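Participant: I would like to see how this sequence folds:
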Amino acid sequence: MSKAPESTSSTRELTDHEKQLAYAKKHQEKINEYVLHHGLGRIESVQINWEQTKWEPAPFIGPESMILAGTVNGWEDSSWYLSIVIGDDDKPDMKKKTLLSITLGDDVIWDDDWNHHFW
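Facilitator: I've put the predicted structure just below:
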């Protein structure tokens with residue numbers, strides 16, 4: 001009687017971006033609270049679209065930033081964007097984050113370009 005063949009598949013090591021995304025997912029509640037705080041009472045819930053995550057160079061604050069995106073209140077025509085600096089340890093630095101914008105339909109609630117909120 002022959003043995004079943006041993007598995008030859010090797011475990012692939014995660015890329016830096018995959019590790020950073022996993023780290024951010026562990027801090028999802030902090031991210032949600034941060035976006036809610038900037039919603040000025042107009043946001044009841046935050047949804048993160050992990051598939052939209054991008055990385056961009058951040059030459060003045062770190063090697064790069066992770067840009068997260070999602071919706072609020074379950075509305076398809078809403079959006080928010082958050083930048084988190086990747087630290088020297090190659091992890092997202094949850095203390096170095098900037099909310100870039102929040103919109104609900106045509107209403108801009110927060111836009112970092114102007115560093116203030118709208119009513």
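Participant: which helices and strands does the lengthiest strand in the chain pack with?
Facilitator: Among the elements of the chain assigned as strand by DSSP state E, the one spanning the most residues is strand 92-104. Using 3 or more Cβ pairs under 8 Å, 6 or more residues apart in numbering; DSSP states H and E as the contact criterion, the elements in contact with strand 92-104 are helix 16-26, helix 28-38, strand 64-72, strand 78-86, strand 107-111. (C-beta placed from N, C-alpha, C; glycine too.)
Participant: residues making contact with that strand?
Facilitator: Where contact means Cβ atoms under 8 Å, 6 or more residues apart in numbering, the residues beyond strand 92-104 that reach it are 20, 23-24, 27, 30-31, 34-35, 38-39, 42-43, 61-62, 66-67, 72-73, 75, 77-87, 108-113.
Participant: Pipe the helices and strands packed on strand 92-104 into JSON lines and attach distance to residue 51 and mean pLDDT per row.
Facilitator: As requested, the helices and strands packed on strand 92-104 are arranged in JSON lines below (distance: least, Cβ to Cβ, whole Å; pLDDT from 0 to 100):
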{"stretch": "helix 16-26", "distance to residue 51": "10", "mean pLDDT": "97"}
{"stretch": "helix 28-38", "distance to residue 51": "14", "mean pLDDT": "95"}
{"stretch": "strand 64-72", "distance to residue 51": "9", "mean pLDDT": "97"}
{"stretch": "strand 78-86", "distance to residue 51": "14", "mean pLDDT": "96"}
{"stretch": "strand 107-111", "distance to residue 51": "23", "mean pLDDT": "88"}
